[in-house]
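# pasting the structure only:
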């Protein structure tokens, strides 16, 4: 135990002597969480155009109704379809609503009037959001339906993406520092000096795991405090369950960082490998995309992706208050992935005496 504490103290002092890394540890959560969530907010502010071919009191009433809705950033009235379509193609408007000439006639006869809606499909997800918003506004209320929004009553996307960004910060800090720390010691000859002593290399690696897990939990505390005071993010479950799940998640991620360090001979190689592996894990981990929207092969790859499991676990704990015991299968998979990757890294390390 004394050796483990001494190694952890050595790692902390070594980390704090590097002012760039020390600044990265404290500043990265604040910078990422303070800027990115505003670009990921799912609010729909529509730039709309209207062509009124009916020019009746009913059509003017519909135009006035749309002008009074806050969702529309601006509503422009055009004299012809050609002029409106030209503005749509130039990007001046995102949606074009054409009120046909028989709008009031069909309304008086209690028939559904015809409306033509053209959408800019350059951004498919935004086009779908606009379509759903407009369809909801134009539908007639034939049924008196009462519904309740659970877990996210304000329909804010910030909290959903905040959790993904918190995991992203922990992932980048823990895995990157683990890899670069080992590779730097290999390049500087520190590991060769350790090999000349009686220090057990496996105990040394275990101490590194323990140190970077503690560092990741420290990053988690910074992120949670920042999100609570700035974005009012609250945890429905218990903070202890969040800490346990993140600590287990860091085991396979640090194993990946350890494997990259074993396979790399210098820091340039390790950075390239880190970028390639982490980028694919992030894109396939449902961090910003739902699993159901991915192709089948990507959904199958997500089953061996630690990010997929930690995001599922953390979202259930933070948003729904699901007990951690009900997510034992996901935790078991995370531990299994960590043991498999660590075993591969140790096997490779034991066969490369020249590097260690």
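Sure, I can see it. Note that the structure is a prediction, hence the values are computed from the model and not measured.
# Looks to me like residue 228 is in a helix.
Yes. Assessed by DSSP: H, G, I helix; E, B strand; the rest coil, residue 228 belongs to a helix.
# Could you verify my assumption that it touches residue 234?
Yes. Using Cβ atoms under 8 Å, residue 228 is in contact with residue 234, at 7.0 Å. Where C-beta positions appear, they are placed from N, C-alpha and C, glycine not excepted.
# got the contact list for residue 316?
237, 322, 327 (Cβ atoms under 8 Å, 6 or more residues apart in numbering).
# Look up the pLDDT of it for me, please.
Residue 316 carries a pLDDT value of 89.
# Residue 75 should be in a helix, yeah?
No. Per three-state DSSP, residue 75 lies outside any helix segment and is strand.
# How many neighbouring residues does it have?
19 (other Cβ atoms under 10 Å).
# Kindly report the same for residue 31.
By the criterion of other Cβ under 10 Å, residue 31 has 12 neighbours.
# Quickly find the element holding it.
Secondary structure assignment for residue 31, by DSSP states H and E: helix 19-39.
# avg pLDDT for that helix?
77.
# Show me what the next helix or strand after it is packed against.
Next helix or strand after helix 19-39 toward the C-terminus (DSSP H and E): strand 46-52. In this structure, strand 46-52 packs against helix 57-67, strand 72-78, helix 81-90, strand 95-99, helix 124-138, with contacts taken as 3 or more Cβ pairs under 8 Å, 6 or more residues apart in numbering; DSSP states H and E.
# among those, which is nearest residue 273?
Nearest of these to residue 273, taken as Cβ to Cβ: helix 124-138 at 31.6 Å.
# What residues sit buried inside that closest one?
Residues of helix 124-138 classed as buried under the neighbour-count rule (16 or more other Cβ atoms under 10 Å) are 126, 130, 133-134.
# Equivalent analysis for stretch 317-330, please.
317-319, 322, 324, 327, 330.
# Endpoint to endpoint, stretch 315-325 covers what distance?
Distance between the two ends of stretch 315-325: 15 Å, counting by Cα to Cα, to the nearest Å.
# Filter the buried residues of stretch 317-330 down to just the ones in helices.
Applying DSSP state H to the buried residues of stretch 317-330, the entries found in helices are residue 330.
# now, among the buried residues of stretch 317-330, which is nearest to residue 73?
residue 319 (29.7 Å).
# residues near the residue nearest to residue 257 when sequence neighbours are not counted, how many?
Nearest residue to residue 257 in three dimensions, chain neighbours excluded: residue 178, at 3.7 Å (Cβ to Cβ, 6 or more residues apart in numbering). Other residues lying near residue 178 total 27 when counted by other Cβ under 10 Å.
# just how off-centre is the helix or strand encompassing residue 178 within its chain?
Using DSSP H and E, residue 178 falls within helix 158-188. Put simply, helix 158-188 sits 14 Å off its chain's centre (Cα atoms, centre = their mean, to the nearest Å).
# gap between the nearest residue to residue 242 once chain neighbours are set aside and residue 114?
Of all residues not flanking residue 242 in the chain, residue 317 sits nearest, at 5.7 Å (Cβ to Cβ, 6+ apart). From residue 317 across to residue 114, the span is 49 Å (Cβ to Cβ, to the nearest Å).
# Narrow the contacts of residue 316 to those in strands?
Among the contacts of residue 316, the subset assigned to strands under DSSP state E is empty.
# Return the member of the residues you listed nearest to residue 300.
Of all the contacts of residue 316, residue 300 sits closest to residue 327, with 20.5 Å by Cβ to Cβ.
# quick one: what helix or strand has the nearest residue to the closest one once chain neighbours are set aside in it?
Nearest residue to residue 327 in three dimensions, chain neighbours excluded: residue 313, at 5.0 Å (Cβ to Cβ, 6+ apart). Per DSSP H and E: residue 313 is located in helix 306-315.
# which residues touch that helix?
Contacts with helix 306-315, where a contact means Cβ under 8 Å, 6+ apart, come from 160, 163-164, 166-167, 171, 242, 245-246, 249, 252-253, 281-282, 284-287, 291, 302, 324, 327, 330-331, 333-334, 337.
# One more pass at 6 Å, please.
163, 167, 245, 249, 252-253, 281, 285-286, 302, 327, 330, 333-334, 337 (Cβ atoms under 6 Å, 6 or more residues apart in numbering).
# what about the helices and strands packed on strand 46-52, which gets the closest to residue 209?
helix 124-138 (39.2 Å).
# and the closest one, how far from the chain's centre?
23 Å.
# any residues touching that helix, and which ones?
44, 46, 95, 119, 121.
# neighbours of the second one, just the number please.
Look at residue 46: counted by other Cβ under 10 Å, it has 20 neighbours.
# What helix or strand is the residue lying closest to residue 183 once chain neighbours are set aside located in?
Using Cβ to Cβ, 6+ apart and skipping the chain neighbours, the partner closest in space to residue 183 is residue 270 (4.7 Å). Using DSSP H and E, the element containing residue 270 is helix 267-283.
# Of all the residues in that helix, which ones are buried?
So, applying 16+ other Cβ under 10 Å, buried residues of helix 267-283: 267, 270-271, 273-274, 277-278, 281-282.
# JSON lines please, covering those residues and showing pLDDT and distance to residue 29.
Below are the buried residues of helix 267-283 laid out as JSON lines (pLDDT from 0 to 100; distance: Cβ to Cβ, whole Å):
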{"residue": "267", "pLDDT": "86", "distance to residue 29": "24"}
{"residue": "270", "pLDDT": "90", "distance to residue 29": "23"}
{"residue": "271", "pLDDT": "90", "distance to residue 29": "21"}
{"residue": "273", "pLDDT": "92", "distance to residue 29": "24"}
{"residue": "274", "pLDDT": "92", "distance to residue 29": "19"}
{"residue": "277", "pLDDT": "92", "distance to residue 29": "22"}
{"residue": "278", "pLDDT": "92", "distance to residue 29": "17"}
{"residue": "281", "pLDDT": "91", "distance to residue 29": "19"}
{"residue": "282", "pLDDT": "90", "distance to residue 29": "17"}
